[in-house]
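> Quick one, structure for this:
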Amino acid sequence: MRRLPDSPERIARGVWAGVFTTFTPFYAMHFIVAALIARLMNGNILAALSGTFFGNPLTYVPIGVAALQTGHWMLGTEYEEVDKTLVGKFLDAGKDLKDNLMALFRDRPADWDGLDRFYDEVFFPYLVGGVIPGVITATICYLISLPVIRAYQQHRRSRIKAKFEAIKKRAEMEAAGITPVVEPAKPKPKLSLSRVRKAK
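This is a model prediction of the structure:
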């Protein structure tokens, strides 16, 4: 990410977009959503795609719990856990969607009750509740990544400039008929047992 050929501000905005997207319930579409948000913010799209990896098997559960609890609190509703976990409800919704789509080709009635409950209990509260923790977390990541990217790019520019200066100086010396002196690399001192014992 630090090597992306773009300004630190645009890269950091891309990171913001990617991290924020992980707090939305659009699973399997995070890349698309992050790219769209980055486009709207004039952020770096590749940085946004990288930022979506903030959501991973270790963080999805706390993200989902935070988004759902915040969403139900904002909407004044309650999350009915029953016997289904959050992942289970997403899987059931996917199964219902697949069955209803297949019903169109098998002359069977479609049943949308399960998806209606999923939308009311999970999807909409998740979508609403993910905004606050998503904005907070994405902003923290933005504030952390911006100075880091700036420092890295500045250091990289300094190294490149130093290399060009050395090449330019060598070319000038060769043009003047002066053979540039190349200093041999200093061998690294070997660590002997006697030195280790003395150090102790």
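> C-alpha only now, for contacts and for neighbours.
Noted.
> who's in contact with Val33?
Thr21, Phe26 (CA atoms under 8 Å, 6 or more residues apart in numbering).
> Where do the helices of the protein begin and end?
8-21, 30-40, 45-51, 60-75, 86-103, 113-118, 124-129, 131-175, 193-199 (DSSP state H).
> Of these, which stretch is the most buried?
Of all the helices of the chain, helix 8-21 has the most neighbours on average by mean count of other CA atoms under 10 Å, namely a mean of 28.
> Using PDB, list the CA coordinates for it.
Taking Å, rounded to 0.1, in the frame of the first residue of the first chain, the C-alpha atoms of helix 8-21 are listed here in PDB:
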ATOM      1  CA  PRO A   8      -0.700  10.100   0.800                       C
ATOM      2  CA  GLU A   9      -4.100  11.900   1.100                       C
ATOM      3  CA  ARG A  10      -5.700   9.900  -1.700                       C
ATOM      4  CA  ILE A  11      -4.200   6.600  -0.400                       C
ATOM      5  CA  ALA A  12      -5.500   7.400   3.100                       C
ATOM      6  CA  ARG A  13      -8.900   8.200   1.800                       C
ATOM      7  CA  GLY A  14      -8.900   4.900   0.000                       C
ATOM      8  CA  VAL A  15      -8.000   3.200   3.300                       C
ATOM      9  CA  TRP A  16     -11.000   5.000   4.900                       C
ATOM     10  CA  ALA A  17     -13.300   3.700   2.300                       C
ATOM     11  CA  GLY A  18     -12.100   0.100   2.600                       C
ATOM     12  CA  VAL A  19     -12.300   0.000   6.400                       C
ATOM     13  CA  PHE A  20     -15.700   1.700   6.400                       C
ATOM     14  CA  THR A  21     -17.100  -0.900   3.900                       C
END
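> which residues touch that helix?
The contact list for helix 8-21 (CA under 8 Å, 6+ apart) reads 1, 4, 30-31, 33-35, 37-38, 41-55, 131, 134-135, 137-139, 141-142, 145-146, 149-150.
> Distance check, the residue of the chain positioned farthest from its centre against Leu75.
Here the centre of the chain is the reference, and by CA atoms, centre = their mean the most remote residue is Gly177, at 53.7 Å. Distance check for Gly177 against Leu75: by CA to CA, to the nearest Å, it reads 80 Å.
> swap in Thr139?
Applying CA to CA to Thr139 and Leu75 gives a distance of 24 Å.
> One more: Ala176?
Distance from Ala176 to Leu75, by CA to CA: 79 Å.
> give me the low-pLDDT residue ranges for the chain?
1-3, 79-89, 104, 110-112, 179-200 (pLDDT under 70).
> Not counting its neighbours along the chain, what's nearest the residue with the shortest distance to the centre of the chain?
Nearest to the geometric centre of the chain sits Gly51, at 1.3 Å (CA atoms, centre = their mean). Nearest non-adjacent residue to Gly51, counting by CA to CA, 6 or more residues apart in numbering: Gly18, 4.1 Å away.
> Ok, Val122 next?
Once flanking residues are discounted, Val122 sits nearest to Leu68: 7.0 Å by CA to CA, 6+ apart.
> List the contacts of the one you found.
Contact analysis of Leu68 by CA under 8 Å, 6+ apart lists Tyr79, Val122, Pro125, Tyr126, Gly129, Gly130.
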